[in-house]
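A.B. asks: Predicted structure and sequence below. I'll ask about it afterward.
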2 protein chains.
Amino acid sequence: MELANKYIEENKDRFLEELFGLIRIPSISSIVDHKDDMIKAAEYWKESMLKAGVDKAEIFPTDENPVVYGEKIIDPNASTVLVYGHYDVMPVDPIELWNKPPFEPSVSDGKIWARGADDDKGQAFMHAKAFEAMVKTNTLTCNVKFMIEGGEEVGSPGLGEWCAENKEMLKADIILVSDTSMIAPDIPSITTGLRGLGYWQVEVTGPNKDLHSGLFGGAVANPINVLAKMITDMVDDDGHITIPGFYDDVLEVNLEERAKMAEAPFDEEAYKKALNVKALKGEKGYTPSEHTGIRCSFDVCGIWGGYTGEGAKTVLPGKAFAKISSRLVPNQDNKKIMQLFKEHFEKVAPEYVKVKVKSLHGGQAYVCPINIPAYKAAEKAYEAVYNKKPVPVRSGGSIPIISTFEDVLGLKSVLMGFGLESDAIHSPNENFPLEQFYNGIETITHFYKHFAEIMK
Amino acid sequence: MELANKYIEENKDRFLEELFGLIRIPSISSIVDHKDDMIKAAEYWKESMLKAGVDKAEIFPTDENPVVYGEKIIDPNASTVLVYGHYDVMPVDPIELWNKPPFEPSVSDGKIWARGADDDKGQAFMHAKAFEAMVKTNTLTCNVKFMIEGGEEVGSPGLGEWCAENKEMLKADIILVSDTSMIAPDIPSITTGLRGLGYWQVEVTGPNKDLHSGLFGGAVANPINVLAKMITDMVDDDGHITIPGFYDDVLEVNLEERAKMAEAPFDEEAYKKALNVKALKGEKGYTPSEHTGIRCSFDVCGIWGGYTGEGAKTVLPGKAFAKISSRLVPNQDNKKIMQLFKEHFEKVAPEYVKVKVKSLHGGQAYVCPINIPAYKAAEKAYEAVYNKKPVPVRSGGSIPIISTFEDVLGLKSVLMGFGLESDAIHSPNENFPLEQFYNGIETITHFYKHFAEIMK
């Protein structure tokens, strides 16, 4: 790997300048006015791939923003890595909180400051440069494909269909993604799980109009009281969700993996202090990290009904509403859970109300087993650069496209993230430490080496 | 009573025309632009009192709308009836739903159509005319005082203080009020109870900001879920409120009175159909009429928190709010109950949230015993005109000023209402049947006669 490392060292300023070129394109996917910028960013990526040494690169138009694809096949029989990333970024509002213009990248305090510095221009670009270092030094021993999309920040619309249409072209052994973070610069970690999601809106109807709470209160069921009770009954005192069948498909995480996860540092006092709560509240028998990593949640994301203005209005309202979400864990099928909740909510509704349940949104959970070759290769790669074995971490959030890849392409993804919590992604003053950028490039080169060796 | 009846019969068209004069003044107390109309309505009442035969009448300015007072003392040793009513009316919005202009009274289908036709211009004016009939025919055998205010529809601000300042002038044996309704034209009834009220706004705070429901959900208590559980826990499965001490002062209504109340017709099927509910839900051991009449309620009047817009937002909110009200029954002190709730809510709040309770509004319950002379007189009066003994009815609503009268003046009120449910008070197309107007005047003359006899 010395050759590749030397190449990186000699070209580091150029790498940064090239990344800046990408960052300067304000490719905000959620704002229609930036349509042209999306094209420009896609073209910039195509050029970057070609410059880095792919055999061919192509921009695929779609109904949404184009997908940039590139590949280098060194040997049809060699293992293949499919790199996924995105060239779109989040909006910059509130712009007045930025210390510097978000699309004029600069370096200070050892960090790159700009929208997209981390998410995901900085992290995705590391792959272009790691690949380039291997190609230019003739050290690449596996095939590499790139799939860089422009809609991740708006839910990757159409990407699943595009993958299905190009399944043959996208054939690979593993998907490699850098769009997550690690615990700390001195504590490398790999995200091995993402929770799934069920999201519902419920409507509880009592009387056919708002009633005078004096004339009817006590005799007629109040839909807000009923909704409160229905919500309450769905979680028992131990924090278990009471919907029959809810946990049927949950695969318990084995003790070995739980022990590994427990190595990730967690300071409960600091965590509580940061949120200003006196105590945490989670499912009995699990730690806080496990609550968000490997267990389901049941949260009311919003609730409304009746009079919510100033002062007092004595009303017994006709309707009450809530938005309810549940984070799911690997092997739970979100469609099945969506249906289970709906049926249960309708079934337990008392006869004095009518209920409606609307499924709003869902996503499958994802898990990356820690014994597959690509994970082992990633582990070795981090160890080579950070001198520590990375901690496997289950994230509580969801990246629905990752489970879509598994469904459509039949491929697992390894989430080699180099971001830090302090990078302020999606917020003003997004940044990415230079050290993480360069360490990331180096780590990825190690990944290729180890992955090819293991897969031999 | 023949003389008085004859007088009423001979003057009925003039009575109606005089009422119309009052109705034509748009005295809407909640709209500042109508300040001058309030003065005009007060003056109209003063003139009406003088015309009807009071010894003196006076308009008392207050910080709010003026109070009109008049009196006729036939004998300082005779019994005294204090008539209470109000000259202010509710707004007329939505104006487009009225079939005729609200302040241009007319008669059709045997009803007076106008804002205030019933509430309370029509009903209060019956007292002026009943009094006039007794005076002009020399049949009045008790003293009569009038207190007509202009702020009932906005909560009678300042009237309690005014009563306290004029306690000597207002000395009486009973207060007589026509501002309620009876069950049906052929089922006379007297409202013998009004529930009290406690009203609170609660705030439940979890984390110090809205959190990502994926990254934190399951480990951090969600304030909406917590609020839902706290609300739920406050009422048990039998519909009893679980706040310790809540029922301590409740005087159970005796079986005799419950039996009398049960004579009031109640068609549960029709009631459910009108509200479009399949079942009613109330405290175990009581009938629906008792639920609203003699038992406490616990209603969430409003609830809000988290994301309530379109679609799905995966948020674990920092705060949740609710407006909660409880209707109280006689002998419960609303201030004590307000405090009990606050202390209980604060005490049962789990350690993972902070709560705030704000007392917004309250009112004492009121009960008119059915064995006092004035009630007996009212009973006989209805019987004389409607040929049926009136049913005592406990109303679920609250008229706080009635319990204020009891506190400040030490006087009970007899609520001789002649309105009907179909009168659409507070709504478009308010109306008052002519028959009820004239029967009301006649019934009131009978009340004076019987009251004076019983009190002798």
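C.D. replies: Done, it's in.

A.B. asks: Do me a favour and get the backbone dihedrals for residue A:371.
C.D. replies: Per-residue torsions, residue A:371: phi -110, psi 10 (degrees, to the nearest 10).

A.B. asks: Counting neighbours, what do you get for it?
C.D. replies: Other residues near residue A:371 number 7, with proximity taken as other CB atoms under 10 Å in any protein chain shown. For the C-beta atoms, the positions are set from N, CA and C on the backbone; glycine is no exception.

A.B. asks: Over to residue A:274?
C.D. replies: 12.

A.B. asks: Next one: it from chain B, what distance?
C.D. replies: 8 Å (CB to the nearest CB, to the nearest Å).

A.B. asks: Can I take it that that residue is in a helix?
C.D. replies: Yes: read with DSSP: H, G, I helix; E, B strand; the rest coil, residue A:274 is one of the residues of a helix.

A.B. asks: Now do it, the pLDDT please.
C.D. replies: Reported pLDDT at residue A:274 in the predicted model: 89.

A.B. asks: Distance-wise, check it relative to residue A:281.
C.D. replies: 16 Å (CB to CB, to the nearest Å).

A.B. asks: now residue A:62
C.D. replies: 44 Å.

A.B. asks: next one: residue A:171
C.D. replies: Distance from residue A:171 to residue A:281, by CB to CB: 46 Å.

A.B. asks: Give me the more crowded residue out of those two.
C.D. replies: residue A:281 (20 against 14).

A.B. asks: Surely that one is in contact with residue A:235?
C.D. replies: No: counting by CB atoms under 8 Å, residue A:235 is not a contact partner of residue A:281; they are 10.3 Å apart.

A.B. asks: low-scoring pLDDT stretches of the stretch 1-150 of chain A, where are they?
C.D. replies: Per-residue confidence for the stretch 1-150 of chain A (pLDDT under 70) gives no ranges below the cut-off.

A.B. asks: Show the contacting residues for the spatially most central residue of chain A.
C.D. replies: With distances taken as CA atoms, centre = their mean, residue A:399 lies nearest the centre of chain A, 3.4 Å away. Applying CB atoms under 8 Å, 6 or more residues apart in numbering or on different chains to residue A:399 gives the contacts A:179, A:194, A:366.

A.B. asks: Show me what residue of the stretch 51-200 of chain A gets nearest to chain B.
C.D. replies: Closest residue of the stretch 51-200 of chain A to chain B, CB to the nearest CB: residue A:199 (4.5 Å).

A.B. asks: secondary structure class for that residue?
C.D. replies: What three-state DSSP gives for residue A:199 is strand.

A.B. asks: swap in the one 3 residues further on?
C.D. replies: In terms of secondary structure, residue A:202 is strand; the call rests on three-state DSSP.

A.B. asks: which ones are touching residue A:128?
C.D. replies: By CB under 8 Å, 6+ apart, residue A:128 lies in contact with A:45, A:48, A:49, A:52, A:146.

A.B. asks: That one: which element?
C.D. replies: Using DSSP states H and E, residue A:128 falls within helix A:121-136.

A.B. asks: Would you state the strands of the stretch 301-450 of chain A in chain order?
C.D. replies: Using DSSP state E, counting those that start in this stretch, the strands assigned to the stretch 301-450 of chain A run over residues A:315-316, A:319-328, A:354-363, A:366-367, A:391-395, A:413-415, A:431-433.

A.B. asks: So which of these is nearest residue B:91?
C.D. replies: strand A:315-316 (17.3 Å; CB to CB).

A.B. asks: Tell me which residues are up against that closest one.
C.D. replies: Contacts of strand A:315-316 (CB under 8 Å, 6+ apart): A:206-207, A:210-213, A:216-217, A:220, A:222, A:306-307, B:299, B:301-302.

A.B. asks: Distance-wise, check the residue nearest to the centre of chain A relative to residue A:177.
C.D. replies: 8 Å.

A.B. asks: cool, residue A:451 as well?
C.D. replies: 14 Å.

A.B. asks: What does the residue in chain A sticking out farthest from the centre show for phi and psi?
C.D. replies: Computed with CA atoms, centre = their mean, the residue of chain A farthest from its C-alpha average is residue A:215, at 51.3 Å. Per-residue torsions, residue A:215: phi -70, psi -30 (degrees, to the nearest 10).

A.B. asks: Nearest spatial neighbour of it, chain-adjacent residues omitted?
C.D. replies: Nearest non-adjacent residue to residue A:215, counting by CB to CB, 6 or more residues apart in numbering or on different chains: residue B:396, 4.7 Å away.

A.B. asks: Assign a three-state SS to the nearest residue to residue A:87 once chain neighbours are set aside, would you?
C.D. replies: In this structure, residue A:87 finds its nearest non-sequential neighbour in residue A:41, 4.2 Å apart by CB to CB, 6+ apart. Secondary structure assignment for residue A:41 (three-state DSSP): helix.

A.B. asks: show me the residues around residue A:41 that make contact.
C.D. replies: Contacts of residue A:41 by CB under 8 Å, 6+ apart are A:22, A:25, A:27, A:87, A:88, A:150.
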